[in-house]
Structure formats: structure tokens, C-alpha cells
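Colleague: test case, fold it:
(one chain, ligands or ions: 1)
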Amino acid sequence: MSVNLLGQRMVILNSAEFASELLEKRSAIYSDRPTLTMSGELVGWKNSLGLVRYNDKFREYRRFISRKMGTRSLVQEFYQLEEMETRMFIRRVLKEPENLVAHIRRLLRSGTIILKISYGYIVKDGADPLLDLVDRAMVQFSELTRPGAFLVDVLPVLRYLPSWFPGAGFKTQLASWSKTFSDMEDVPLDFVKKQMQSGTNVPNFTSELLERENLTAEKEVNIKGAAGSLYGGGADTTVSAVYSFYFAMMAYPEVQQRAQEEIDKIVGNERFPRLEDRDNLPYVDALVKEVLRFHPIAPLGLPHRLTRDDEFQGYHLPKDTLVIANIWKFLNDPDVYPNPSVFDPTRYLQTEGHPPQRDPRELAFGFGRRKCPGMNLADVSVFISCAMSLAVFDIRKPIENGRVIEPVFGALSGTVSHPLPFRCDIKPRTAQARALILSSE
Ligand code: HEM
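Modeller: Prediction:
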């Protein structure tokens, strides 16, 4: 489908095969990003990987990140951290099950994990200045990129007009937004440098690059940009996945039960499941795939910009076209995933006469050279959150005035889509499960 929005040509791909043909096989010309005047040019987010143009900076960022988490075996370095932090998460859920989202955010968004990986920073209990800063920056980013929020994105000329001019009022707040963005990159970088000088640094993404790379001013800018991008990309996405997992378990008790039976049989009840157990837990593994399909977290991915004219199946695509992959549609295609609205992990299990359905991870993380660089880490985070939760909790529909409340799934729109808030009843499965959770104290 092709639309023209005030002179900007956009092509929306509604077939996974087309996405692969164009964004993957012709990646060399389909990997640029659009220019966003407000958030990108004026506030500074153009230095964050998701918005970086397809150039040397892009290649350097990707190289930095791929060396740290580009393969499944590389992310094994984070297994222990993931398991430890997820145990803390489980304990918080036990103590305050009604604050489920807040706990998921603390684990995955508010970055106990990502801030440790990127900067070796340990988030303090209660108010934490760095956490507060990066969180503020992320909230501002989603405000700044809300479609239609700023006229200057449509009429870039407004950036040159005084703030009293109609439509240019954004200028009064610009300085404060830009400062939040630059602080988000500078404050943690200074933290790492100080830790390195004082010999108290816990090795991390930033310190390893500062040590290894031949440091020039430009390199340093790229290192802090790449580290900030990890937070930007990883903050909200995995939160959404784990939250929709809790919804699915409440709505599909038979799936929950089968996954728990598998864990009981393979892992037992004396310890939590570990990431090394994954190969022996095919149903839980399939369940994680279904979590990524059931609620597409990035329903339209991020737009790819075409850098020269192209022809495809008789159509002409002019240079500068924004090409959008309709990931939501790919993951809900009834020809690939029959009864797509049903949460069913058995789709991915091979049975007599039934080959497994396509692994949703091939679609959910985008395409070509812009494919999500955090996908291996995300996959590990989502798996361990699901497996540990299943091992110790029963997740049930809430009961109000003696009546079971039937769950209705809804999701918010946005670049990153979150499930609408829902209530669920979370209890330890057994006294032994409760003791296991508390033993992690
Ligand atoms: C389940 C979780 C996640 C999903 C579904 C997801 C999905 C995506 C998608 C669809 C894109 C756009 C790809 C494209 O343009 O074709 C993307 C980009 C990106 N993601 Fe993720 N992501 C997830 C988790 C993460 C994590 C944990 C990190 C960081 C550790 C991360 C970092 C990024 C970055 C930096 C980009 C921009 C890449 C670029 O423009 O070159 N993501 N992600």
C-alpha cells in the first residue's frame, strides 16, 4: 500500500515475503532512516541508533553492539545477571502482586539489567538519580515522537522562526529537552570514567569500548551514543512482552498448566529454572515465541528510508520513500498462523504431519541491516521472566464479588505497543514455591 503524506511517500509492506525481498535482500539501499526535525535534529535523538542515518556512524554503533550481544553465545555472559535480577523481580511480585507493571518496569525498563550491562551501574533502592534521568528522557522521547505532536516535523522551516510565532512555541522548552537528552548520554559516561579512574569499575559495555578502541573525540561520542541506544531500544520493549505474557497466562490457564507441568518434570520444585534449561523445556520455549507473536510489540517496526530509486514487481519506488513493514499483519497472517488470535504455543512444536509454524522471532525484530541489535538479549530476558514466573506463580483471572472477571485484551498504539492495564491474581503455587522465592532474599 502506498500513501503520500504532505509530499512524503510511504509504502507499507503487508507481506513478510516482500519485507524480506526489499528490506533484507536489498538492504544496501533500504537501510536509511527518516529525519525527524523535532526529536532528532533539534533535541538530539538523531544520535540514537534507531534514528541514525545509514552512514559510518551507524556502522560503528552496530559494530560496538554486535560485539557485545550480536550472537546467542555472546549473551551467555549475561545469564547470571538475568537470573539474579529476575529472582529479585519475582520476590517483588510476591510481596506486591498488585504492582506487577511497576516491578516489570523496574526489572527491564528502569534498567536494573540494561544499566548494569551498559555502564556497570547498580540502581539504588528507592529514588535513584540516574534512573530518574534516563526514565525522564524516555518519557520525553515518546512525547516528542507522538505522531502529529509537533508542526515543525511537517514544516521544518518553523525551526528558524521565533518562539512567539504560531506553531513555534515548542522553542521555549527546547533547551530543557535537549539538556535531558545530553545528560542521559553524558552523566553515565562520566560515571564510568570516574569508576575506571578510581579502580572500582565493574567491566561493562562502555568501559570495555573506552579501553579497547583507539580513543578519539569522535569515537567517544559514538561510544556514548551506542550505550544510550541500548537503553533507548531495550527500555520499553521487553516490558511490554513480559506484561503480555502475564495476560496470556491468565487468559489461557490450560497453557499455563502445561508449561508448569513441563517445568515441574524437568527442573523440579527445589530450584528456579535457569537459562541452561531452555533446550530441555520445548513447550516453555514455544510459549515465549508465542508471546512475541500474540502481541506484536513493535507493530510497524521503524521506518526504513530508500536511498535510491528502485523497481519491484512492476512498481516504481522513488528515492526517499519510507518503507514500513506491517509486522502486526505478518504475525497475524492466518495463512502462516491459523487462528491467529488464539494463544497457542503448540504452533511451534513439530508433530506427525504438522511442521512447526514460522518462528515469530524472524519477523518481530525487524529486517535487514536495521534488524533489532538487542534481539538475543531480549529473547533471554523474556524467556527467563516467563520460566521463573511459571515455576512459582499461579496467574489467575481476578474474582470480584464472587464473580470471575473475564479478561479482554487491548493494546495501546505507538511505536512500542503496550497491553492496556489489566488486573490479575498472582499467588505462589505452593508453600514450597513461596519458600523458594523468599530464599532468594
Ligand atoms: C522483545 C523485545 C524487542 C522487540 C520486539 C524489538 C523490536 C525491534 C524492531 C522491530 C526494531 C526495528 C527494526 C527495523 O528497523 O527493521 C528494533 C530496533 C532496535 N532495537 Fe529492538 N526490540 C526488542 C528489544 C530490544 C532490546 C532489549 C534492545 C537493546 C538491548 C533493543 C535495541 C534496539 C535498537 C538500538 C534498535 C535500532 C536499530 C537500528 O536502527 O539500527 N531492542 N527493535
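Colleague: quick one: pLDDT of residue 337?
Modeller: pLDDT, the model's per-residue confidence, is 98 for residue 337.
Colleague: which SSE is the nearest residue to it once chain neighbours are set aside in?
Modeller: Leaving aside its chain neighbours, residue 337 sits nearest to residue 357 (5.6 Å; criterion: C-beta to C-beta, 6 or more residues apart in numbering). Backbone N, C-alpha and C define where each C-beta goes, glycine included. Using DSSP states H and E, residue 357 maps to neither a helix nor a strand.
Colleague: do residue 194 as well
Modeller: helix 171-198.
Colleague: so is whichever residue of the stretch 101-250 of the chain sits closest to the ligand in a helix, a strand, or just coil?
Modeller: Residue of the stretch 101-250 of the chain nearest the ligand, by C-beta to the nearest ligand atom: residue 233 (2.2 Å). At residue 233, secondary structure determined by DSSP: H, G, I helix; E, B strand; the rest coil is helix.
Colleague: show me which residues of the stretch 101-250 of the chain sit near the ligand.
Modeller: 229-230, 233-234, 237-238, 241 (C-beta under 6 Å from any ligand atom).
Colleague: what subset of the residues you listed is buried?
Modeller: 229-230, 233-234, 237-238, 241 (16 or more other C-beta atoms under 10 Å).
Colleague: and of the residues you listed, the nearest to residue 82?
Modeller: Closest approach to residue 82 among these (C-beta to C-beta): residue 238, at 10.7 Å.
Colleague: and what about that closest one, helix, strand or coil?
Modeller: Three-state assignment for residue 238 (three-state DSSP): helix.
Colleague: quick check: it touching residue 380?
Modeller: No - checked against C-beta atoms under 8 Å, the pair residue 238 and residue 380 is beyond contact range at 9.7 Å.
Colleague: so what's the residue count around residue 21?
Modeller: Residues within reach of residue 21, counting by other C-beta atoms under 10 Å, total 15.
Colleague: gap between it and residue 320?
Modeller: Residue 21 is 20 Å from residue 320, where distance means C-beta to C-beta, to the nearest Å.
Colleague: what of residue 147?
Modeller: 19 Å.
Colleague: also residue 64?
Modeller: Residue 64 is 28 Å from residue 320, by C-beta to C-beta.
Colleague: same deal with residue 397?
Modeller: The spacing between residue 397 and residue 320, counted by C-beta to C-beta, is 49 Å.
Colleague: mind listing the helices for the stretch 1-150 of the chain?
Modeller: In the stretch 1-150 of the chain, the helices defined using DSSP state H, counting those that start in this stretch lie at 16-19, 56-69, 79-95, 100-104, 112-119, 129-144.
Colleague: among those helices, which gets the worst mean confidence?
Modeller: helix 100-104 has the lowest average pLDDT among the helices of the stretch 1-150 of the chain, namely a mean of 79.
Colleague: contacts only, for the spatially closest residue to residue 344 that is not a sequence neighbour.
Modeller: Closest residue to residue 344 apart from its sequence neighbours, by C-beta to C-beta, 6+ apart: residue 290 at 6.6 Å. Listed by C-beta atoms under 8 Å, 6 or more residues apart in numbering, the contact partners of residue 290 are 248, 343-345, 347-348, 360.
Colleague: among these, which two are most distant?
Modeller: 248 and 348, at 14.5 Å, using C-beta to C-beta across the contacts of residue 290.
Colleague: count of neighbours near residue 160?
Modeller: Using other C-beta under 10 Å: residue 160 sits among 9 other residues.
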